[in-house]
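1. Output the structure for:
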Amino acid sequence: MFSSDLQRTLRTAEEVAELFGVKPMVDHRLREKSYGEAEGKPQEWLDRRFVPPPAVGERLDHDEGVQGSETKAAWAQRI
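-> Residues are numbered from 1 along each chain as shown. Down below sits the predicted model:
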């Protein structure tokens, strides 16, 4: 079983892996978009800080307002 190294994803993978008697193999290349300091915090924490992208114009380089989070452009480039 493979998992990204992001905290939320790895916790889920560990729970599932235990059911099958295996250990997850961590691969940072499988990371989803990072939300920086929001990782591991409740959704309401993120909702209070999240800055939605503009309805029109540049959306990929938009700063969503969370320290350390990736823009969609940075995430796409990494993948």
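2. Geometrically speaking, which residue is the centre of the protein?
-> Nearest to the geometric centre of the chain sits Ser34, at 3.5 Å (Cα atoms, centre = their mean).
3. For Gln43, grab phi and psi.
-> phi -60, psi -40 (degrees, to the nearest 10).
4. Ignore what I typed, I meant Phe2.
-> Main-chain torsions, Phe2, degrees, to the nearest 10: phi -110, psi 150.
5. for this protein, what spans make up the strands?
-> 2-3, 25-26 (DSSP state E).
6. tell me which residues in stretch 20-37 are buried?
-> Across stretch 20-37, burial judged by 16 or more other Cβ atoms under 10 Å covers 24, 31, 34-35. Yep, even glycine has a C-beta here, placed from its N, CA and C like the rest.
7. Please apply the same query to stretch 4-18.
-> For stretch 4-18, the neighbour count (16+ other Cβ under 10 Å) marks 4, 6, 9, 13, 17 as buried.
8. what's the answer for stretch 63-79, then?
-> Within stretch 63-79, the residues scored as buried using 16+ other Cβ under 10 Å are 64, 66, 69-71.
9. mind checking the end-to-end distance for that stretch?
-> End-to-end span of stretch 63-79 (Cα to Cα, to the nearest Å): 19 Å.
10. how far out from the middle of the chain is it?
-> Its chain's C-alpha centre and that of stretch 63-79 lie 9 Å apart, by Cα atoms, centre = their mean, to the nearest Å.
11. and the strands of the chain as TSV, adding mean pLDDT?
-> Output for those, formatted as TSV (pLDDT from 0 to 100):
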stretch	mean pLDDT
strand 2-3	94
strand 25-26	96
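12. what residue of the protein is the furthest out?
-> Residue farthest from the centre of the chain, counting by Cα atoms, centre = their mean, is Gly21 at 26.1 Å.
13. No more questions from me, cheers.
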